[in-house]
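The following comprises the amino acid sequence and a computationally predicted model.
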Amino acid sequence: MSLKSLVEKFINYDCEVEVGSNFLFYPDGVIVFTLGEDKEDSILWKQFLKEHFNFTLTKENLFTMSILHELGHYYTIEYFTAEEWNAPELETEDNKALQMAHFQKPHELMATEWAIAYYNANPKLMRAWNHRFACALRHYGKKVSSLNSFLENLS
């Protein structure tokens, strides 16, 4: 089973799934996932989740939580207007300040809250998915030497 198929099964086919260069959600119901996430952004998200939600992001649950966060957008998008959804990002050269401001946008907070609530409400299921994703990521990580070849192999 491809990693894309595994993600589709995980989200119960509620959204379309695509492979890209970052984790994203498009308001038309498309979730994008990647293996090439920015390490600095992951560290900042881990820090944000710990400080604001007392949630510990680990190597084992990073991929699962990233997908759940994007799925959280799907389930909470109705609470936001297009203007709120498309509000401009903070204009700064400081990546940490930019990311922290992004994480605190109302729709980002709500998607994160949804993801954490779902994760915490289903501990056995989440442990199983963490394991399945970890195995798949190890498998695909050994087969590709770069993000570009990963994208070519899974699209």
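That came in fine, so what should we check first? Everything numeric in this text was worked out from a predicted model, so none of it was measured.

what about the residue nearest to Pro106 when sequence neighbours are not counted, which helix or strand?
Nearest residue to Pro106 in three dimensions, chain neighbours excluded: Glu84, at 6.4 Å (Cβ to Cβ, 6 or more residues apart in numbering). Using the backbone N, CA and C atoms, a C-beta is placed for each residue, glycine as well. For Glu84, the element it lies in under DSSP states H and E is helix 82-85.

after that helix, next one along is what?
Following the chain from helix 82-85 toward its C-terminal end, the next helix or strand by DSSP H and E is helix 95-103.

Dump that following helix to CSV, keeping only the CA atoms.
Backbone C-alpha positions of helix 95-103 (Å, rounded to 0.1, in the frame of the first residue of the first chain) are rendered in CSV as follows:
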residue,chain,number,x,y,z
ASN,A,95,10.8,32.8,10.6
LYS,A,96,10.0,32.0,14.2
ALA,A,97,7.8,35.1,14.6
LEU,A,98,6.1,34.3,11.3
GLN,A,99,5.4,30.7,12.2
MET,A,100,4.2,31.5,15.8
ALA,A,101,1.8,34.2,14.4
HIS,A,102,0.6,31.6,11.8
PHE,A,103,-0.1,29.0,14.5
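
Tell me the helix or strand right after it.
Tracing the chain past helix 95-103, the next element assigned as helix or strand by DSSP H and E is helix 106-121.

And that following helix, what's buried?
Counting neighbours by 16 or more other Cβ atoms under 10 Å, one finds that the buried residues in helix 106-121 are His107, Glu108, Leu109, Met110, Ala111, Thr112, Glu113, Trp114, Ala115, Ile116, Tyr118, Tyr119.

quick check, nearest of those residues to Gln99?
Of all the buried residues of helix 106-121, the one sitting nearest Gln99 is Glu108; the distance, using Cβ to Cβ, is 10.3 Å.

my read: that closest one touches His102, true?
Yes - with contacts counted by Cβ atoms under 8 Å, Glu108 reaches His102, the gap being 6.2 Å.

In terms of helices and strands, where is Lys46?
With elements delineated by DSSP H and E, Lys46 resides in helix 39-53, which encompasses its position.
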